[in-house]
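Student: could you look at this predicted model? Sequence included:
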Amino acid sequence: MTNSLLILAGDGIGPEVMDEVKRVIGWFGDKRDLPFDVSEDLVGGAAYDKHGTPLHDDTMAKAQEVDAVLLGAVGGPKYDDLDFSVKPERGLLRLRKEMDLFANLRPAQCFDALADFSSLKTEIVSGLDIMIVRELTSGVYFGEPRGIHMEDNMRVGVNTQRYTEAEIERGARAAFDLAMKRGKKLCSMEKANVMESGVLWRDVVTEVHQDYPEVELSHMYADNGAMQLVRAPKQFDVIYTDNLFGDILSDCAAMLTGSLGMLPSASLGSPMANGRPKAMYEPVHGSAPDITGQGKANPIACILSFAMALRYSFDKGAEADRLEGAIETVLADGARTADLMGPDGGTPISTTQMGDAILAALDASL
Ligand code: IPM
Ligand code: MG
């Protein structure tokens, strides 16, 4: 079976961090006899500049065909005033929606070497390893009606939170399946105290639990969940939540680990004809226009996203472990990009130097 990848590096630091990922992909081809058939295309502002749309139909069609899409980042101040329908973010949302990537896996893992970088006390975050499963194709991000209209001479903005039980259920199954492979604990978060969609969410997750008796299930209101994430994050194993709460809670969880530059994500859909899930992998961080083009960006989140691709798309868990292990090694050895400069300062290394260090650690792992 061939391994096909579509790289959409996007905007801002996207292309810089993706350059390092490409070297890592090449390494697996050369040294592990694991070749990838890589193609590249545009997304976000880069696609808008060339085609007047943040995602060309041809790119969308290619994304549907490959085993996995690797995305860098989209957006930037240059595009702030564009019409909503052609904003860079719409390219990303279209990929998620049309590929039907309903399960967004966002791990928040604290590397030992970075435990004192967190804004929280070291003992609260050291050893932290949680997985947020965010529903990604429905909810208020896509619900109709939506828009801004006039009522009695006044503008009214509308968005709709809408979930079918099938949508809640398939995401819940993905979350329970993950919990079974991890610590067998699942916490579902919604606002069942104020939202009917939250009442349904809680009901459906409780029903799905029947099929996973070994998993310990709890429910939490999402506001309390946010508080618990900063109070005692290690109480969680897997968290399952909706599209909007998941967006917010995953940024919160990300910061527990010390840097947004460290966190990968996987967005998974239903299996394709070859048995592999529809999939897109991307760092949680954005396009970081403030540091673009300066060689300062941390490529680790994007490289870890490729590690997730090895694990979830290509069934190469041992190679994913190897790559994650190489990253742990370079961090333990003190390699730090600018975002990882602690209070004591030091000299940061560049994006490419971090890539060099990771490749050297990979070589050493053989
Ligand atoms: C994320 C981002 C996106 C989202 C934006 C860029 C559309 O914040 O992936 O978390 O809101 O989902
Ligand atoms: Mg977000």
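Tutor: Cool, the structure landed. Ligands and ions are numbered 1, 2, ... in the order given.
Student: in space, what's closest to residue 155 - neighbours in sequence excluded?
Tutor: Spatially, and ignoring its direct neighbours in sequence, residue 155 is nearest to residue 148 (5.7 Å; Cβ to Cβ, 6 or more residues apart in numbering). Where you see a C-beta, it was placed from the backbone N, CA and C, and this is true even at glycine.
Student: just to check, the one you found is in contact with residue 84?
Tutor: No: Residue 148 is beyond contact range of residue 84, at 9.5 Å (criterion: Cβ atoms under 8 Å).
Student: can you list the residues of the chain near ligand 1?
Tutor: Residues of the chain lying close to ligand 1 (Cβ under 6 Å from any ligand atom) are 89, 92, 93, 247.
Student: at 5 Å instead, please
Tutor: 89, 247 (Cβ under 5 Å from any ligand atom).
Student: low-confidence ranges in the chain?
Tutor: Along the chain, segments meeting pLDDT under 70 span 343.
Student: give me the element residue 267 is part of.
Tutor: Taking DSSP states H and E as the definition, one finds residue 267 inside strand 264-271.
Student: and the helices in the stretch 201-350 of the chain?
Tutor: With DSSP state H, counting those that start in this stretch, the ranges of helices along the stretch 201-350 of the chain come out as 222-231, 243-256, 300-312, 317-332.
Student: and for the stretch 51-200 of the chain?
Tutor: Secondary structure of the stretch 51-200 of the chain, counting by DSSP H, counting those that start in this stretch: helices at 57-65, 88-98, 122-125, 165-181, 196-209.
Student: tabulate the ones you listed (TSV), appending mean neighbour count and distance to residue 332.
Tutor: Converted to TSV, the helices of the stretch 51-200 of the chain look like this (neighbours: other Cβ atoms under 10 Å; distance: least, Cβ to Cβ, whole Å):
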stretch	mean neighbour count	distance to residue 332
helix 57-65	15	36
helix 88-98	20	33
helix 122-125	15	16
helix 165-181	19	26
helix 196-209	18	38
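Student: save these as TSV, and put in distance to residue 255 too.
Tutor: Output for these, formatted as TSV (distance: least, Cβ to Cβ, whole Å):
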stretch	distance to residue 255
helix 57-65	30
helix 88-98	21
helix 122-125	10
helix 165-181	22
helix 196-209	25
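Student: got the domain boundaries for this protein?
Tutor: Domain segmentation of the chain under automatic domain parsing yields 1-106+262-366, 129-256.
Student: got those as CSV, with distance to residue 123 columns?
Tutor: Below are the domains of the chain laid out as CSV (distance: least, Cβ to Cβ, whole Å):
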stretch, distance to residue 123
domain 1-106+262-366, 17
domain 129-256, 10
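Student: for the residue of the chain found nearest ligand 1, list the residues it contacts.
Tutor: Per Cβ to the nearest ligand atom, the residue of the chain with the smallest distance to ligand 1 is residue 89, at 4.0 Å. Residues near residue 89 by Cβ atoms under 8 Å, 6 or more residues apart in numbering: 44, 54, 74, 75.
Student: tell me the contacts of the residue positioned nearest the centre of the chain?
Tutor: With distances taken as Cα atoms, centre = their mean, residue 265 lies nearest the centre of the chain, 2.4 Å away. Contacts here follow Cβ under 8 Å, 6+ apart; on that basis residue 265 touches 104, 105, 106, 107, 250, 281, 282, 283, 284, 305, 308.
Student: now it, nearest residue through space, not along the chain?
Tutor: residue 106 (4.8 Å).
Student: and that neighbour, what are its bridge partners?
Tutor: In this structure, residue 106 bridges to residue 132 when assessed by DSSP bridges.
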